[in-house]
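In: just coords:
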Ligand SMILES: [Zn+2]
């Protein structure tokens, strides 16, 4: 299981997520924003990579262990979802509404990519931040 703790994410993401979650939940009081992943170990990433390739399931990533922004501590990426009346909701609508509060000059949203990844937010230029 990947970490779902915001403390395992980079401070840039921690700060923006806290603000975005607060204002979003004020605007939509029946919706709770949750984290589905912050840090993911390279081993867990390799398992995901194998899915849809050498293991059954739907292909979900082209990143091997150590290649994803989730594989660093603190993590350079977070994945979000929404809970409405105790049920997890993956509607495009919520992802789009939430993105308007999350995206800033330092944070990019996977919903804007060619291979759409709605839950995913990543720090721009994260590869240059690896020491
Ligand atoms: Zn992600």
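Out: Noted; the coordinates are in hand. All values reported here derive from a predicted model rather than from experimental measurement.
In: which strand residues sit across from whatever residue of the chain ends up closest to the ion in the sheet?
Out: Residue of the chain nearest the ion, by Cβ to the ion: residue 120 (3.6 Å). Where you see a C-beta, it was placed from the backbone N, CA and C, and this is true even at glycine. Judged by DSSP bridges, the bridge partners of residue 120 are residue 79.
In: Can you verify my assumption that it contacts residue 110?
Out: Yes - using Cβ atoms under 8 Å, residue 120 makes contact with residue 110 at a distance of 3.3 Å.
In: Now do the shared contacts for the two.
Out: Shared contacts of residue 120 and residue 110 (Cβ atoms under 8 Å, 6 or more residues apart in numbering): none.
In: Compare the two (neighbour count), which wins?
Out: residue 120 (21 against 17; other Cβ atoms under 10 Å).
In: Let me see the confidence value for that one.
Out: Looking at residue 120, its pLDDT is 97.
In: Then residue 114?
Out: Residue 114 carries a pLDDT value of 92.
In: likewise residue 60?
Out: Reported pLDDT for residue 60: 87.
In: Quick check, it in contact with residue 47.
Out: No - using Cβ under 8 Å, residue 60 is not in contact with residue 47; the gap is 10.3 Å.
In: for the ion, what are the nearby residues on the protein?
Out: 77, 79, 120 (Cβ under 5 Å from the ion).
In: Could I get these in a markdown table, plus columns for distance to residue 16?
Out: Formatted as a markdown table, these follow (distance: Cβ to Cβ, whole Å):
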| residue | distance to residue 16 |
| --- | --- |
| 77 | 12 |
| 79 | 14 |
| 120 | 14 |
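In: That'll do, ta.
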